[in-house]
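1. My questions are about this predicted structure, shown below with the sequence.
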Amino acid sequence: MRSKFGRRERLFGYSIVFPYLAYTAVFWGYPFIWMVILAFTKWNYFSKPRFFGIQNFMRIFTDSTVLRIALNTLNFLAYLIPMVLTASLLFALALTKVRFGKTFIMLSFLVANVSSGVAYSLLFSNLFAVNGPINRLLDRLFGITIPWFSNPQLAVFSICLIITWKFIGYYGLILYAGLLSIPSSLFEAAQLDGANRSQIFWKITLPLLNPSLITVTVLAVMLTFGIFTEPYLITGGGPMQRTTTFLIYMYDTAFKRIDPSYATTVAIVTALTSYVIVMLIRKFFEKEVSFV
Amino acid sequence: MRREKIYSYVVTFLLLFLAIVWIYPYLWLFISSFKPAEDIFTTFFPKRFTLEHYRFIFVMADRFERPFVRAFLNSLFISSTVTFSVIFTSMLVGYAISRIRFRIGKFLFNFIIYQMLFPGFMFTIPMFVLIRTFGWLNTYQALIVPSLTSSWGIFMFAQNFKTIPQDYIDAAKIDGANNFWVVLRVMLPLSRSTASIVGLFTFIGVWDNFLWPLMVMKDYKKMPLSVLLASFNHEYASYIGPVLAGAVIQTVPMVIIFLLLRNYFLQGISMSLR
């Protein structure tokens, strides 16, 4: 019976796969080839692309803006990764203890995640404005106002803060699912053996949560390398270029400085860098976990 | 045991409080969009509510060359077209590479995983070059056609189709169903949750997309809401009321869809764990 249907089935398969391959060739293959061409040429959208060797790549190493952006990205990572990891871990741990209202809590934290990048950037830039509601409240309570987006370090921190606001629910639930997958017999056995709460946390919960923690870290690293909307709309890359990210630089290079070749090179190098960091995280922190 | 119980109640109330803190920005945004302009930064509950900001957006904004209503409809049109297409193509290609035994299927499956390794921003500039070559700048095609398929969507459907027993397919075929009918009437209903997850995340992704439409669309009449709102804020940031009202309009559809499909959203998160 299978052979009777087999030929017709394969025919059906080809009639799906070939249009798909044709589409992919145009909208994935062609840009892919152009990406390689752009990286090794110099072009201004109009003339013929001129072969440029590896000069685009060499330029990255001498470009002071790229250095500034690399430091900015490290700065973002230094705030965002600890903030996001701790907060979403605490959220996940707390969620296992919740007695009632769990759905309401999960939904409130998750609804932040579906906020549109543009809308929430505008929302927070007004909420945290110099004379905005948050500063008015701080002024009334403590007599201080905080220049959330105009001090260089604070601007980076504030952007990390609102990204944390957006992603706690999402990452927290990944960790929560990880926590639930740890068999409760392990905790009971440890309790019988007389382990206290912090021993259980450091010796059992945290090591067994490793896969989910790595997933969240990797997602957050990739997120950091792709930051665009928030600084573009809130700070415009300033103050003193401190919130300029790779994508803002790519956009400016391609459209304000009319240099698509160099912009593409920046994008390639950014992708490679994020890839290397992810590999390093995997290599040094990922542990095989099995529940025996 | 008693201490444990008290502890868990404390945690519960703390989290309930934090949940309200977390939706506070939304509440502030929503309430502020109905406040008279002078009250936006000063009081949380205003003395009177006003619709002037929404009137500005719906009636006056055209005079500022910012047709908000049209932008909203543009966003709706672009997002639904892409979502519908992604579900349809992912379903078919997913079926081909997971249930049909031919060599190209295996190859395609690996190719799709390979495609997913590349972050999207590597392709933005070359894709812009392609769209420019086609002469598609400032057209709807530029926003729709590059996203008609999704390797992630194909992957999700393929993984799901693998778990469906072959008997269902055979039974349908003995009853005389052709292959297309099998996919549409047997496989799709059995993977309703995959379809919802793919649809939900695709819709949110397209609705929320900013960088790409910012690059290819300079025509205010065809802009999606995200870019129009950003450009309005860029020039008229002092009109805080209308900016916030625009942000509400940009947010509300996503929140509604999220609340309707919240269970699939949760499933989607646990599926992303591999």
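-> Alright, I've got the coordinates. Numbering: from 1, shown residues only, chains lettered A, B, ... in the order given.
2. Skipping its backbone neighbours, what lies nearest residue A:182 in space?
-> Computed as Cβ to Cβ, 6 or more residues apart in numbering or on different chains, the closest residue to residue A:182 that is not its neighbour in sequence is residue A:208, at 4.9 Å. Glycine gets a C-beta too; all of them are placed from N, C-alpha and C.
3. same check, this time on residue B:137
-> Spatial nearest neighbour of residue B:137, excluding adjacent residues (Cβ to Cβ, 6+ apart): residue B:216 at 5.6 Å.
4. Could you check which helix or strand contains residue A:254?
-> For residue A:254, the host element (DSSP states H and E) is helix A:246-255.
5. try residue A:13
-> helix A:2-24.
6. Please pull up the helix or strand immediately following that helix.
-> The element immediately downstream of helix A:2-24 (helix or strand, assigned by DSSP H and E) is helix A:30-39.
7. Tell me the buried residues in that following helix?
-> A:30, A:31, A:32, A:34, A:35, A:37, A:38, A:39 (16 or more other Cβ atoms under 10 Å in any protein chain shown).
8. still on that earlier bit, output the helix holding residue A:254 as CSV, nothing but the C-alphas.
-> In CSV, the C-alpha atoms belonging to helix A:246-255 read as follows (Å, rounded to 0.1, in the frame of the first residue of the first chain):
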residue,chain,number,x,y,z
PHE,A,246,26.2,47.8,17.1
LEU,A,247,22.9,47.9,15.4
ILE,A,248,22.6,51.7,15.7
TYR,A,249,26.1,52.0,14.3
MET,A,250,25.2,49.6,11.4
TYR,A,251,22.1,51.7,10.6
ASP,A,252,24.0,55.0,10.7
THR,A,253,26.9,53.7,8.7
ALA,A,254,24.6,52.3,6.0
PHE,A,255,22.2,55.2,5.7
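9. So which bits of the helix or strand following it are buried?
-> Downstream of helix A:246-255, the first helix or strand assigned by DSSP H and E is helix A:260-285. By 16+ other Cβ under 10 Å, the buried positions in helix A:260-285 come out as A:260-271, A:274-275, A:277-278.
10. Repeat that for stretch B:177-185.
-> By neighbour count with 16+ other Cβ under 10 Å, stretch B:177-185 contains the buried residues B:177, B:179, B:182, B:183.
11. next one: stretch A:201-212
-> For stretch A:201-212, burial by neighbour count (16+ other Cβ under 10 Å) applies to A:204, A:205, A:208, A:209, A:211, A:212.
12. okay, now residue 221: neighbour count?
-> By default, I'm working from chain A. Number of residues near residue A:221 (other Cβ atoms under 10 Å in any protein chain shown) recorded here: 20.
13. meant chain B actually
-> 12.
14. That one: what's it in contact with?
-> Counting by Cβ atoms under 8 Å, 6 or more residues apart in numbering or on different chains, residue B:221 touches B:67, B:70.
15. residue nearest the centroid of chain B?
-> Taking Cα atoms, centre = their mean, the centroid of chain B lies closest to residue B:204, which sits 1.1 Å from it.
16. sorry, back to before: and the buried residues of stretch B:177-185 near chain A, which?
-> residue B:179 (Cβ under 8 Å from any Cβ of the partner chain).
17. can you give me the helices in the stretch 151-274 of chain B?
-> Assigned by DSSP state H, counting those that start in this stretch, the stretch 151-274 of chain B shows helices spanning B:151-162, B:166-174, B:179-182, B:188-190, B:192-208, B:211-216, B:225-235, B:240-260, B:262-271.
18. Show residues contacting the third one.
-> Contacts with helix B:179-182, where a contact means Cβ under 8 Å, 6+ apart, come from A:8, A:9, A:12, B:169, B:172, B:173.
19. of all those residues, which comes closest to residue B:128?
-> residue A:12 (35.8 Å; Cβ to Cβ).
20. Not counting sequence-adjacent ones, nearest residue to that closest one?
-> Sequence neighbours aside, residue B:179 is the residue nearest to residue A:12 in space, at 3.9 Å (criterion: Cβ to Cβ, 6+ apart).
21. I'd like to know which elements the worst-scoring helix or strand of chain B on mean pLDDT is packed against.
-> One helix or strand of chain B scores below all others by mean pLDDT, DSSP states H and E: helix B:262-271, with a mean of 79. If you count contacts as 3 or more Cβ pairs under 8 Å, 6 or more residues apart in numbering or on different chains; DSSP states H and E, helix B:262-271 packs onto helix A:102-111, helix A:152-180, helix B:192-208.
22. Redo those as TSV? Include distance to residue B:81 and mean pLDDT.
-> Shown next, in TSV, are the helices and strands packed on helix B:262-271 (distance: least, Cβ to Cβ, whole Å; pLDDT from 0 to 100):
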stretch	distance to residue B:81	mean pLDDT
helix A:102-111	26	91
helix A:152-180	26	93
helix B:192-208	9	92
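23. With residue B:139 as the reference, name the closest of those helices.
-> helix B:192-208 (16.2 Å).
24. residues in contact with the closest one?
-> Here helix B:192-208 has contacts from A:114, A:116-118, B:75, B:78-80, B:82-83, B:86-87, B:90-91, B:147, B:150, B:152-153, B:156-157, B:160, B:188, B:224, B:226, B:253-254, B:257-258, B:261, B:264-265, B:267-268, B:271, using Cβ under 8 Å, 6+ apart.
25. And the buried ones among those, selectable in ChimeraX?
-> Per 16+ other Cβ under 10 Å, the buried members of the contacts of helix B:192-208 correspond to this ChimeraX selection:
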select /A:114,116,117,118 /B:75,78,79,82,83,86,87,90,91,147,150,152,153,156,157,160,188,224,226,253,254,257,258,261,264,265,267,268,271
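26. I'd say residue B:99 and residue B:161 touch.
-> Yes. Using Cβ atoms under 8 Å, residue B:99 makes contact with residue B:161 at a distance of 5.7 Å.
27. Common neighbours of the two, please.
-> Counting by Cβ under 8 Å, 6+ apart, the shared contacts of residue B:99 and residue B:161 are residue B:187.
28. do you know which of the helices of the stretch 151-274 of chain B lies nearest residue B:29?
-> Comparing the helices of the stretch 151-274 of chain B by Cβ to Cβ, helix B:240-260 comes nearest, at 5.9 Å.
29. Please state the offset of the closest one from the chain centre?
-> How far helix B:240-260 lies from its chain's middle: 13 Å, per Cα atoms, centre = their mean, to the nearest Å.
30. try stretch B:54-65
-> 26 Å.
31. is any part of that stretch close to chain A?
-> No. Shown here: stretch B:54-65 not in contact with chain A (Cβ under 8 Å from any Cβ), separated by at least 13.5 Å.
32. Good, we can wrap up now.
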